[in-house]
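> mind looking at a prediction? Sequence and model below.
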Amino acid sequence: MEVRELLEGDTRLAHEAMRALRPVYEKEADFVERVDSMQRTEGYRVAAVFVPRREQAVAVAGFRTGHNLAWGHFLYVDDLSTVADARGQGHAGALLDWLDAEGRRLGCDQLHLDSVTAPERFAAHRLYHRHRLAIHSHHFARSIR
């Protein structure tokens, strides 16, 4: 298994794994356009796990860093996803370890992510707890359109 950051030009390699979490991006071109033309300009980065004999990443993490009064300098994980046939093999855990190391390298104080509380996410929650992530708050949101 290899974990590495995907730079602009390689974003398409994250599509299959990201689509498992964000199915609205069914078309690879739409996903690449969104990430490379909009999100990267706002500091979004992509890390991915690759395995032998498979071109597309089997797991991906979209993340960014920032500063705020509550968390100081932080690394925030926007997206963490693994293709269905590669789940339970340690790929997402390897990404969390990579993200932790990247946050430390950048001098971040904290690592954060939000996760939906639906039952189909319980396996992901167990992974987060194993990687020393704790539930610290409720996240409230509403549509403003």
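Looks like it came in fine.
> a helix runs through Ala101, doesn't it?
Yes: membership of Ala101 in a helix is supported by DSSP: H, G, I helix; E, B strand; the rest coil.
> ranges for the strands of this structure?
Ranges of strands within the chain are 2-6, 45-50, 59-68, 72-82, 110-113, based on DSSP state E.
> residues of the fourth one that come out buried?
What it means is strand 72-82. 74-77, 79-82 (16 or more other Cβ atoms under 10 Å). Heads up, the C-betas are built off the backbone N, CA and C, glycines and all.
> ends of stretch 105-117, what's the gap?
The first and last residues of stretch 105-117 sit 31 Å apart, counting by Cα to Cα, to the nearest Å.
> what does stretch 21-40 give?
19 Å.
> any idea how far Phe140 is from Thr11?
To Phe140, Thr11 is 31 Å away according to Cβ to Cβ, to the nearest Å.
> wait, His125
Distance of His125 to Phe140, computed by Cβ to Cβ: 19 Å.
> more neighbours: which of these two?
His125 (15 against 5; other Cβ atoms under 10 Å).
> which parts of this structure are helices?
Assigned by DSSP state H, the helices in the chain fall at 15-21, 28-34, 91-105, 122-130.
> who's in contact with the residue nearest the centre of the chain?
Taking Cα atoms, centre = their mean, the centroid of the chain lies closest to Ala61, which sits 2.3 Å from it. Applying Cβ atoms under 8 Å, 6 or more residues apart in numbering to Ala61 gives the contacts 46-48, 77, 79-81, 95-96, 98-99.
> nearest to Glu120, of these?
Nearest to Glu120 among the contacts of Ala61 is Ser81, at 12.8 Å by Cβ to Cβ.
> list the contacts of that closest one.
17-18, 20-22, 59-61, 92.
> which two of the residues you listed have the greatest separation?
Arg22 and Ala92 (15.2 Å).
> those two: who's more crowded?
Neighbour comparison, Arg22 and Ala92: the larger count goes to Ala92, with 25 against 16 (by other Cβ under 10 Å).
> per-residue pLDDT, Leu96?
Here the pLDDT value assigned to Leu96 is 96.
> residue contacts, it?
When contacts are counted by Cβ under 8 Å, 6+ apart, Leu96 touches 61, 80, 127-128, 131, 133.
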